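Enquirer: Here's a sequence, model it:
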Amino acid sequence: MDEPSSGQRKTDLRVVKTLDAIRTHFEQLVCECGYDKLTVARLCESARINKKTFYRYYRSLDDLLAQVQREFASEYVGLTGHLRIPEDAGEITRRFILYSCETGGKSPFYEAVTCSSAFSSIQASMIDDVLESRRVSPGGFGALSAEEASVVISFLQQTGINAYRQWVADGKRLSPERLAGLTAGLVEGALEKVLR
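Expert: Residues are numbered from 1 along each chain as shown. Modelled structure (predicted):
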């Protein structure tokens, strides 16, 4: 196998550095001023690139935001993709809480996007990405109709997110493990009652 020339490595390194700068400054600016006030011009100024460079990689800020959210969703799916609904709903919820607490602790951006209602369309997209990968057990909902099962799945999706948001709003005073156990227990108890 041929080694890339030093010119090719430099080009690749420049691309990597440019994309890293765009991402880093994007996340910082979203946390500082909010997504709704961010412009491509402001991002490019902060990242020290021109608009043409930004548009070489992204069609819009929405595309960049969607890419970042897909990356978060993909990481979470990697941790839970083998689990099934409704049988593993408690474990899915527990892992979501632990993933969110850890990721939010490392990335103020993740926390901001997950907790702010300003990002509801991107949050919905992330949930859809996760759900598409989720295995729903045929017959796992027993006698519930498809419409009732849909309501249960919606409840499961929102419970973890809402618990994480409340934990952040309350100043993160519970340990992540306690929050995860409490939330998973609530999900399991609710499912047990509904699916009997």
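Enquirer: Quickly note the distance from Q157 to L179.
Expert: Relative to L179, Q157 is positioned 17 Å away (CB to CB, to the nearest Å). Just so you know, the C-beta spots here come from the backbone N, C-alpha and C atoms, and that holds for glycine as well.
Enquirer: how about the helices in this protein?
Expert: Under the criterion DSSP state H, the chain contains helices at 6-33, 40-47, 51-57, 61-80, 89-106, 108-115, 120-133, 146-169, 176-195.
Enquirer: Going by mean pLDDT, which of those comes out lowest?
Expert: Among those, helix 120-133 carries the lowest mean pLDDT, at a mean of 67.
Enquirer: Show me the domain layout of this protein.
Expert: 6-58, 63-195 (automatic domain parsing).
Enquirer: Using JSON lines, lay out those together with mean neighbour count.
Expert: Formatted as JSON lines, these follow (neighbours: other CB atoms under 10 Å):
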{"stretch": "domain 6-58", "mean neighbour count": "14"}
{"stretch": "domain 63-195", "mean neighbour count": "16"}
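Enquirer: which residues touch N162?
Expert: Under the criterion of CB atoms under 8 Å, 6 or more residues apart in numbering, N162 has no neighbours.
Enquirer: can you do 10 Å?
Expert: T183 (CB atoms under 10 Å, 6 or more residues apart in numbering).
Enquirer: next one: the one 10 residues further on
Expert: Counting by CB under 10 Å, 6+ apart, K172 touches 101, 104-105, 111, 179.
Enquirer: Let me know the closest of these to D36.
Expert: The shortest gap between D36 and any of the contacts of K172 belongs to E111, at 17.3 Å (CB to CB).
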